[in-house]
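In: Generate coordinates for the sequence data below:
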Amino acid sequence: MSPDAFIQMCLQFTYFKMYNKLVSTYESASTRRF
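Out: Predicted coordinates for the structure are as follows:
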C-alpha cells in the first residue's frame, strides 16, 4: 500500500468515526510532491 493510499484511508476512517457516515473522496493531488 502506498503512503498516499494510507493517508486517504485514515482520513476517511476518521471522518466515519466523527460523523458516522461514509463519504467518497477524490484525490486531486498526490502527497508525493510534499
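
In: hey, where'd the helices end up in the protein?
Out: 3-19 (DSSP state H).

In: middle-most residue in it, spatially?
Out: Closest to where the C-alpha atoms of the chain average out (Cα atoms, centre = their mean) is Q8, at 2.0 Å.

In: Tell me if I'm right that V23 and L11 touch.
Out: No - between V23 and L11 there is no contact under Cβ atoms under 8 Å: 9.6 Å. (Each C-beta comes from the backbone N, C-alpha and C, glycine too.)

In: Would you mind telling me which of those two has the busier surroundings?
Out: Higher neighbour count among V23 and L11: L11, with 13 against 9, using other Cβ atoms under 10 Å.

In: and stretch 21-29, average pLDDT?
Out: Average pLDDT, stretch 21-29: 72.

In: going forward can the numbers begin at 231, since that is how I track them
Out: Okay, using 231 as the starting number, the last item reads as stretch 251-259.

In: Name the surrounding residues that touch stretch 240-256.
Out: Under the contact criterion Cβ atoms under 8 Å, 6 or more residues apart in numbering, stretch 240-256 has outside partners Q238.
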